[in-house]
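**Student:** have a look; sequence and predicted model below, questions after that.
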Amino acid sequence: MIPLTAVSSGKIVKIVSLMGGRGIHRHLIGMGLDIGSEIEVIHQGEPGPFIVRVKETRLAIGAGMAQKIMVDIK
Amino acid sequence: MTKKTNEILVAVAGQPNSGKSTIFNCLTGARQHVANYPGITVEKKIGTYSAKEGKIVLVDLPGTYSLTSYTQEERIARDFLLLEKPEVVIDVIDASNLERNLYLAFQLIEMNVPLVICLNMTDVAKRRGFDINTDKLSQQLGVPVVPTIGNKGKGKKELKETIWATHKHKIDSIKTDSVKAASTDMPIRINYGEALEPILATLEQKISEAPRLTEHYSPRWLAVKLMENDSEARRLVRQQSEKGKNILDFVAVERDKFISTHKEAPEKIIAYKRYQTAEGIVENCLSQKAKGHKTWTDRIDQLVCHRAAGPIILATVFYLFYKITMSPDYGGQKLASLAWPYLAKFRDLMAFIPLSGLPRSLFLNGIVDGVLAIANYIPIFFVLFILIAILEDTGYMTRIAFHMDRVLRAFGLHGQSTLPMMLSGVVVGGCAVVGTMSTRGIKDPKARLATILILPLLNCMAKIPFYILMASIFFKKYQAEVLGFMSVVTLVLALVVAKIFTLTILKKEEEVPFILEMPAYHLPTVRGVLIRTYERLMVFIKKVGTIVVAVAVIVWCGITFPGISKERVVHYNNETNKAAQSFMAKLGENNPYKKLLAGQGLNEFEEYWMSYKKGRMGLDEEAQQALNQKFAKKNAEFFKIANKGKYIEDGKSKKDKYAKKTYTTYKKFYKSVERLQVAQRKETVRVSYAGRLGQSLVPLTKWAGMDWKINVAMISSFAAKENLVATLGSIYSMEKTEVVTKESLAVTMKRETAHTGWTPLHAIAIMLFVAIFPPCLMTLIMVRIETGRNLWTLFVTIYPIILGFLVAVAVFQGGRILGFGG
């Protein structure tokens, strides 16, 4: 289990846990970021936002937020 | 909202980037207006169209991913659906992103609203390899589904028909109490699994027994929300029902039990089941599915979001953006300069108003100039708004935010602060009014507030003429450098202030992490861009225009009243009369024109001369001759004087030495009268309320090197920054014309300031003060609208005065200690 920030571009990972409050959690779920979702890291940020592909959507995720998303590399 | 009986209220819901506004525009066309939801700054777009059955009123709900109570937008959308009870709800779904979009659709279905699904952008989906069987989708969801291509208007007719059918079906089902569906069977009911369903069933039963709750809310929806532990749902139950506590206790017990046995929060299971159901439906309805291939958007993003290429593209876009709005050869400035003659004509036309004295001055200098100050900006804003709409509609705006976030984040701002800052003038002139308006898009409330607070520190367009004026007097050789210096200083200051604010007064504001959907790139449509541009222009004109005129009038009163004393008026009148008498005496006894100019004749000649001089400007040979003939006919004797004694009679040119002498003497007289008028005006300003205030501030402002004249100009610039140069103009003005050219003002100021011992150090201190000095009233109004709070508006008014003053004093006193300046 590593934070999303440690994943390099091109890797497909699975979300194992989301840290942070319950409100933000529910919001992320609406955007398709849920525990168990598979996401592809398109652009590794740091500094600056990451770009990930979730289903058919591309999301830019700030480095601070990416730190709170724990993933497993597939 | 009051509903008329023949109107049908339709809400348009959907996730962000689903093409919701395209569908909205496609249905309503130009028949729409923007309002705000009560008490908050989220826009509420309302549009109408008439069907043969009645008038359809559409309300565009904010785009939301879900209907929790996490963001303000989500709360608004949900409250509208629950409280306004629209007859029909359209859910706009991005066909190429069906699975995620169904997540919202399920929640709408659960709320038991009469739903129509608008499957949008089917062309894009098809190109990406998603061929969706709409009939099957409709069957599985149990709600009508209409495929559309919003930007091409495809499916519009079918959508309208379905809206009507759904509405009619709802009425019929109420009337006949039959639950026969219009197109399909019952809407889908998501199975939340063996563990959760029994609890939900009991909960639904309990809710049904509370009549006040069932009146407004679907029991199923409320039950699911309660198990999700949604704070808003809990509040509803607590408030609306006496059995509320009972229900909430039950929920608390069941949730605890659930978590301890399943080691998982119910909301996670609920979300999981929703996505699972969505996945199943998508699988069933796609006749082909291509996965993993790169879309156009991916390919473009590889370049646009590239570490090295991205910033270069970004810089190019910024450069073009400025070039197009600010270049005098094309774009906004060009449009403004093309429009200016018409505005000037309008002002000339207004000057014909049959008023005199104070009412005339109030009308022309107060109201008309106030209107013109606004009108002058409209061409530039028009171009600006078009460019913004294009950046937004193509999807590039999100990429700008993506790149800039890493820089701005360090100062407590947000990637999305870039656009407002650009608009407010980072490098060259911008406008904080437009900048503040555009902060709406910033998702993080804390960063948004910080952005609003610092925007006025940037370089608004109207501050530029003042910098140029000062630079041309005190730093003639380094004008460009001075402008560059001001840009850098203000930007650095704005960023530092933003950082300080986020660490102190904004510490407790709500923060939202940076997550932005990067929408697929689209070609913008002319119609979409124009509608957006029009909307924003109207907001500007309506909200700002009216108040600015009012303030222009107040400022006019401030520099006009109470006026100079009667004795002084008599004094000036006497001086003028004396000048007239000496003029008459100088004409000489034998002068044949003397009689003509006696008494009322003097005024008549002035009028004649003025209109002749004005008419002659910029005419070619032929037109000039025609004009000469016209004026010679009007008054042959006046014509001789005005032409310094040269005239043509019977084809021969003749000279009249008396007329020549009369002309030269008159001109001297005219100059002296003009000087008297300027002196009177200057005295009026000095004794006016604004003038007195300006003088009373001198003990304080002298520490920053500012005299009372600058103080008055600052006070008047509150209404609009243009007044800065204009007021200085009227204080220093030596010309009778009401508009003073910059060159002449620079010359006059230079001479006058030389007397008072002004140095470049004075100039720098004052320029810095102007740069930081409070925003104009238009900006303050926008701050009030966007923050919704008087406190912040007051804060934005006051902190720049203090900050600006401290900076100016520091520079001025520091400079003196180091031996610069006097």
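**Tutor:** That came through fine. Numbering: from 1, shown residues only, chains lettered A, B, ... in the order given.

**Student:** what's the separation between the closest residue to chain A within the stretch 401-550 of chain B and A:I61?
**Tutor:** Closest to chain A within the stretch 401-550 of chain B is B:F514: 2.8 Å, counting by C-beta to the nearest C-beta. Backbone N, C-alpha and C define where each C-beta goes, glycine included. B:F514 sits 7 Å away from A:I61, going by C-beta to C-beta, to the nearest Å.

**Student:** could you do B:L413 as well?
**Tutor:** 18 Å.

**Student:** check B:M486 too.
**Tutor:** 37 Å.

**Student:** okay, these two: which has more neighbours?
**Tutor:** A:I61 (27 against 21; other C-beta atoms under 10 Å in any protein chain shown).

**Student:** what's the closest non-adjacent residue to the more buried one?
**Tutor:** Distances taken as C-beta to C-beta, 6 or more residues apart in numbering or on different chains place A:F50 nearest to A:I61, at 4.8 Å, with adjacent residues excluded.

**Student:** ranges for the strands of chain B?
**Tutor:** B:7-14, B:32-36, B:43-51, B:54-60, B:88-94, B:115-120, B:130-132, B:145-147, B:286-289, B:515-518, B:646-649, B:652-655 (DSSP state E).

**Student:** turn the ones you listed into TSV, including mean neighbour count.
**Tutor:** What follows is these, written out as TSV (neighbours: other C-beta atoms under 10 Å in any protein chain shown):
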stretch	mean neighbour count
strand B:7-14	23
strand B:32-36	14
strand B:43-51	16
strand B:54-60	19
strand B:88-94	27
strand B:115-120	26
strand B:130-132	20
strand B:145-147	22
strand B:286-289	12
strand B:515-518	23
strand B:646-649	14
strand B:652-655	9
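
**Student:** between the ones you listed, which gets nearest to B:T394?
**Tutor:** strand B:515-518 (12.1 Å; C-beta to C-beta).

**Student:** and the longest helix for chain A?
**Tutor:** helix A:22-30 (DSSP state H).

**Student:** got the residues of chain A near chain B?
**Tutor:** A:20, A:22-24, A:26-32, A:34-36, A:42-43, A:45, A:47-49, A:51, A:54-65, A:68 (C-beta under 8 Å from any C-beta of the partner chain).

**Student:** now, which of those lie within strands?
**Tutor:** A:42-43, A:51, A:54, A:57-61.

**Student:** closest to B:E604 among the residues you listed?
**Tutor:** Using C-beta to C-beta, A:A60 is the member of these that lies nearest B:E604, at 73.5 Å.

**Student:** tell me the contacts of the most far-flung residue of chain B relative to its centre?
**Tutor:** Going by C-alpha atoms, centre = their mean, the residue of chain B most distant from its centre is B:N590, 66.7 Å out. B:N590 is in contact with B:Y658, counting by C-beta atoms under 8 Å, 6 or more residues apart in numbering or on different chains.

**Student:** phi, psi of it?
**Tutor:** With angles defined as degrees, to the nearest 10, B:N590 sits at phi -90, psi 0.

**Student:** could you measure it against B:G599, distance?
**Tutor:** 20 Å.

**Student:** same thing with A:I12?
**Tutor:** 97 Å.

**Student:** which of those two has more residues huddled nearby?
**Tutor:** Set A:I12 next to B:G599 and count neighbours by other C-beta under 10 Å: A:I12 wins out with 14 against 9.

**Student:** ramachandran coordinates for the more buried one?
**Tutor:** phi -100, psi 130.

**Student:** what bridges to it?
**Tutor:** Under DSSP bridges, the beta-bridge partners of A:I12 are A:E40.

**Student:** quick check, it in contact with A:S37.
**Tutor:** No: the criterion here is C-beta atoms under 8 Å, and A:I12 misses it with A:S37 at 10.9 Å.

**Student:** show me what the lowest-mean-pLDDT helix or strand in chain A is packed up against.
**Tutor:** None of the helices or strands of chain A scores lower by mean pLDDT, DSSP states H and E than helix A:22-30, at a mean of 77. In terms of contacts (3 or more C-beta pairs under 8 Å, 6 or more residues apart in numbering or on different chains; DSSP states H and E), helix A:22-30 is packed against helix B:98-110, helix B:266-285.

**Student:** okay, these in CSV with mean neighbour count, distance to chain A and mean pLDDT next?
**Tutor:** Formatted as CSV, these follow (neighbours: other C-beta atoms under 10 Å in any protein chain shown; distance: least, C-beta to the nearest C-beta, whole Å; pLDDT from 0 to 100):
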stretch, mean neighbour count, distance to chain A, mean pLDDT
helix B:98-110, 24, 5, 93
helix B:266-285, 18, 4, 90
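
**Student:** which among those is found nearest to B:A252?
**Tutor:** helix B:266-285 (11.8 Å).

**Student:** and B:L627, how many neighbours?
**Tutor:** For B:L627, using other C-beta under 10 Å, the count is 14.

**Student:** picking that back up, buried ones among the ones in strands among the residues of chain A next to chain B?
**Tutor:** Among these, those classed as buried by 16 or more other C-beta atoms under 10 Å in any protein chain shown are A:42-43, A:51, A:54, A:57-61.

**Student:** let me know the secondary structure of A:S17.
**Tutor:** Here A:S17 is recorded as strand under DSSP: H, G, I helix; E, B strand; the rest coil.

**Student:** distance of it from chain B?
**Tutor:** Distance of A:S17 to chain B, given as C-beta to the nearest C-beta, to the nearest Å: 11 Å.

**Student:** not counting residues beside it along the chain, what's closest to that residue?
**Tutor:** In space, A:S17 is closest to A:M70, 4.5 Å off (C-beta to C-beta, 6+ apart).

**Student:** and stretch B:70-86, how far apart are its ends?
**Tutor:** From its first residue to its last, stretch B:70-86 covers 23 Å (C-alpha to C-alpha, to the nearest Å).

**Student:** do it and chain A meet at all?
**Tutor:** Yes: residues of stretch B:70-86 contacting chain A under C-beta under 8 Å from any C-beta: B:70-71.

**Student:** now do the buried residues in that stretch.
**Tutor:** B:70-78, B:80-82, B:86.

**Student:** again, but for stretch B:654-663
**Tutor:** Quick answer for stretch B:654-663 (16+ other C-beta under 10 Å): B:656, B:658-663.

**Student:** could I get these as TSV with distance to chain A and pLDDT?
**Tutor:** Output for the buried residues of stretch B:654-663, formatted as TSV (distance: C-beta to the nearest C-beta, whole Å; pLDDT from 0 to 100):
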residue	distance to chain A	pLDDT
B:D656	82	81
B:Y658	83	81
B:A659	79	82
B:K660	77	83
B:K661	79	82
B:T662	78	85
B:Y663	73	85
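
**Student:** which residues does B:I817 contact?
**Tutor:** Residues near B:I817 by C-beta under 8 Å, 6+ apart: none.

**Student:** try B:A308
**Tutor:** Neighbours of B:A308 in contact, by C-beta under 8 Å, 6+ apart: none.

**Student:** quick one: pLDDT of it?
**Tutor:** pLDDT for B:A308: 87.

**Student:** give me the distance between it and chain A.
**Tutor:** Distance, B:A308 to chain A, by C-beta to the nearest C-beta: 13 Å.

**Student:** which phi and psi values does that residue adopt?
**Tutor:** Dihedral angles for B:A308 - degrees, to the nearest 10 - are phi -100, psi -50.

**Student:** any idea how far B:A401 is from it?
**Tutor:** 19 Å.

**Student:** same question for B:Q15.
**Tutor:** 18 Å.

**Student:** what's in contact with the least confident helix or strand of chain A?
**Tutor:** Residues contacting helix A:22-30 (C-beta under 8 Å, 6+ apart): A:18, A:34, B:64-66, B:68-71, B:103-104, B:228-229, B:267, B:271, B:512-513, B:515.

**Student:** ok, back up a step: okay, and the common contacts of B:F514 and A:I61?
**Tutor:** A:P49.

**Student:** check contacts around B:Y612.
**Tutor:** Applying C-beta under 8 Å, 6+ apart, the residues near B:Y612 are B:627, B:631, B:642.

**Student:** mind running it again at 6 Å?
**Tutor:** B:631, B:642 (C-beta atoms under 6 Å, 6 or more residues apart in numbering or on different chains).
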